[in-house]
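Fold the stuff below for me.
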Amino acid sequence: MLDFIYYPVSAILWFWHEIFGFVLDPASGYAWALSVVFLVFTLRALLFKPFVHQVRSMKKMQEFAPQVRSLQEKYGHDKQRLAQEMQKLQQEQGFNPISGCLPMLVQVPVFIGLFHVLNGFRPGAESNFVFGKEEVASFVSADLFGAKLSNTISQTPEVLAAFGTDRTSMLIVGVPLMIAAAIATHFTSRHSVQRQTAEAAQNPQTEIMNRMVLWVFPMFAIIGGPFLPLAILLYWLANNFWTLAQQRIVYTRIDREEAESAAAATVIDGTAVTTTASEASTTAAPTPEIAPAPAPAPASDAERTTAEPGEPARGEEAEDASPAPAATTDQPGDAPGVLEDRSRDNRPGESR
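Next up is the predicted model:
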C-alpha cells in the first residue's frame, strides 16, 4: 500500500551503500551504518525548505497568539463564526498552521518506510524492494562491534543466535545509541522551546506541551529503544543531530534578517523624523514681513473748508513732504502752515 514510499527510501539507501561500499567493504557494518545516516541526511535536505517555512509559520503564530485568543474569547460560543474569523486572520497575516506542521507530517511516513525496509532484511530473503538477494544477505551479516544492525535488543537469544549475535553485544552497542538519541532529542526540543515568546510560554497548554517534548519524547528512545533495530536507533540519532544543526542555522539566519529589517526601519524612521522636524522648524518661524503703513483717514468737510488758500487739506499731505526743521516750531495763533523764525526774539534792541 505504501510502496510509493518504500521504494524511494530503499533506493536512497541503496545509492549510499553503493558509494560507501566502493570505499569500504560492501558487507561492512560501517558501510551500512553510514548508508543509513546519509539516508537521513538526504531526506532532511529535501525537507529543508519546508522546515524553514515551518519555522516562519510558527513564529507568526506566536506573534498573533494574542489576536487568536481574543477571537476565541469573543466568538467562543459560535464555532462557525470563530472558524471564519480565524481563517480571515490567517489570510490577512499570511500564515497557515497546517503548512507549519508539514515537515513533521512528512517525516512520519518516511520513518515508517525506513522501518519497513529495514525489517525486510531477513535471512534467506530473496529481495527487499530494490535490494537483491546478495545485498540482503550483506545487510543481515553486517554488524557494529558484534551487534547486528537488523536486530533488536529485546529479541530472544535464539533469534539473536540465528543472526550471529547475542544480547550482550546488542546491549553494548544499543544502550549508548539509545542514550545518545534521548539526549539529542532533549536538546533539539530545548532549542525549539527557547525560541518561544514569554507570553506563549506562559500559556498552560504550551507549558504542558513543552514538558512533554523536553522529557517525555526523549524517554521514547529509552523505553522504545530495546524494541527497535539498531539501524532505526542510528536513524533516530542522526535525525536529531541534523535537526539541531539545522535549527541553529535557520534561526541564526532569521534573527539576522529581523535585525537587518529593524535597522532599516530605524534608519527610515530617523530620516522621516529629521525631515519632519526640519520642515516644522521652517514653517514654525516664517520670515517677518513689514506691514504697510495705514492709509491716512480722509479729511472731513469742516477741515477742508478751514484750510487756507494754497494749503493742502489735512489728510492730503504729500507722502514725500519734508519734516519741519528742528529749530522752528508752530506757535499758537499763527496762521496754519506759516512758520515764524523764533530766533528774532534773541536780537538785541528789538521788540516784538
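
Only C-alpha atoms from now on, for both contacts and neighbour counts.
Noted.

Next, count neighbours for Asp25.
12 (other Cα atoms under 10 Å).

Using the three-state scheme, assign it.
Three-state assignment for Asp25 (DSSP: H, G, I helix; E, B strand; the rest coil): coil.

mind checking the SS state of Ser150?
The assignment at Ser150 comes out as coil when based on three-state DSSP.

Now do the closest residue to it other than its chain neighbours against Arg69, distance only.
Nearest residue to Ser150, sequence neighbours excluded (Cα to Cα, 6 or more residues apart in numbering): Pro229, at 5.3 Å. Counting by Cα to Cα, to the nearest Å, the separation of Pro229 from Arg69 is 44 Å.

For these two, work out which one has more neighbours and name it.
Between Pro229 and Arg69, counting by other Cα under 10 Å, Pro229 is the more crowded of the two (23 against 12).

Contact partners for the more buried one?
Residues in contact with Pro229 (Cα atoms under 8 Å, 6 or more residues apart in numbering) are 118, 149-153.

Kindly provide the distance from it to Ala27.
Taken as Cα to Cα, the span from Pro229 to Ala27 is 18 Å.

Same question for Met170.
For Met170 relative to Ala27 (Cα to Cα), the value is 19 Å.

same check, this time on Ala45
27 Å.

Which one of the two is surrounded by more residues?
Taking other Cα under 10 Å, Ala45 and Ala27 do not tie; Ala27 has more neighbours (20 against 14).

quick one: which helix or strand includes the closest residue to that one other than its chain neighbours?
Spatially, and ignoring its direct neighbours in sequence, Ala27 is nearest to Ser138 (4.9 Å; Cα to Cα, 6+ apart). Per DSSP states H and E, Ser138 falls inside helix 133-141.

Which strands or helices does the next helix or strand after that helix pack on?
Where DSSP H and E defines the elements, the next helix or strand beyond helix 133-141 is strand 143-144. Under the contact criterion of 3 or more Cα pairs under 8 Å, 6 or more residues apart in numbering; DSSP states H and E, strand 143-144 touches helix 29-46.

Tell me how far the helix it packs on lies from the chain's centre.
31 Å (Cα atoms, centre = their mean, to the nearest Å).

The following helix or strand past that helix: which residues count as buried?
Using DSSP H and E, the helix or strand that directly follows helix 29-46 along the chain is helix 48-63. Neighbour counts over helix 48-63 (16 or more other Cα atoms under 10 Å) mark 48, 50-62 as buried.

Report the distance from helix 48-63 to the chain centre.
Counting by Cα atoms, centre = their mean, helix 48-63 comes out at 8 Å from the chain centroid.

and it with helix 29-46, angle?
On the basis of axes from the mean of the first three to the mean of the last three Cα atoms, to 10 degrees, helix 48-63 is oriented at 50 degrees to helix 29-46.

looking only at pLDDT, what's the mean for the next helix or strand along the chain from helix 48-63?
Going down the chain from helix 48-63, the next helix or strand is helix 65-75, by DSSP H and E. Per-region confidence: helix 65-75 scores 79 on mean pLDDT.

the inter-axis angle of whichever helix or strand comes after helix 65-75 versus helix 48-63?
Where DSSP H and E defines the elements, the next helix or strand beyond helix 65-75 is helix 79-93. In terms of direction (the same axes, to 10 degrees), helix 79-93 departs from helix 48-63 by 120 degrees.

Packing partners of helix 79-93?
helix 65-75.

Could I get the pLDDT score of Pro8?
91.

likewise Ser169?
What the model reports for Ser169 is a pLDDT of 94.

switch to numbering from 22
Fine by me, first position is 22 from now on; the one you just mentioned is Ser190.

Sketch out the low-pLDDT regions of this structure for me.
22, 115-125, 218-224, 288-373 (pLDDT under 70).

change it to 80
22-23, 71, 74-87, 89-90, 93, 97, 111-128, 131-132, 216-227, 286-373 (pLDDT under 80).

Do you have the strands of it handy? List them.
164-165, 168-169 (DSSP state E).

which of those sits most buried?
Of all the strands of the chain, strand 168-169 has the most neighbours on average by mean count of other Cα atoms under 10 Å, namely a mean of 27.

what sits up against that strand?
Here strand 168-169 has contacts from 161-163, 184-187, 190-191, 194, 251, using Cα under 8 Å, 6+ apart.

and if you look at stretch 44-63?
By Cα under 8 Å, 6+ apart, stretch 44-63 touches 30, 33-35, 37-39, 41-42, 159-160, 162-165, 170, 252, 255-256, 259-260, 263.

what about burial for the residues you listed, which qualify?
Among the contacts of stretch 44-63, those buried by neighbour count (16+ other Cα under 10 Å) are 30, 33-35, 37-39, 41-42, 159-160, 162-165, 170, 252, 255-256, 259-260, 263.

Report how many residues lie close to Gln112.
Using other Cα under 10 Å as the criterion, the residues surrounding Gln112 number 11.

Kindly report the same for Val127.
By other Cα under 10 Å, neighbour count at Val127 equals 13.
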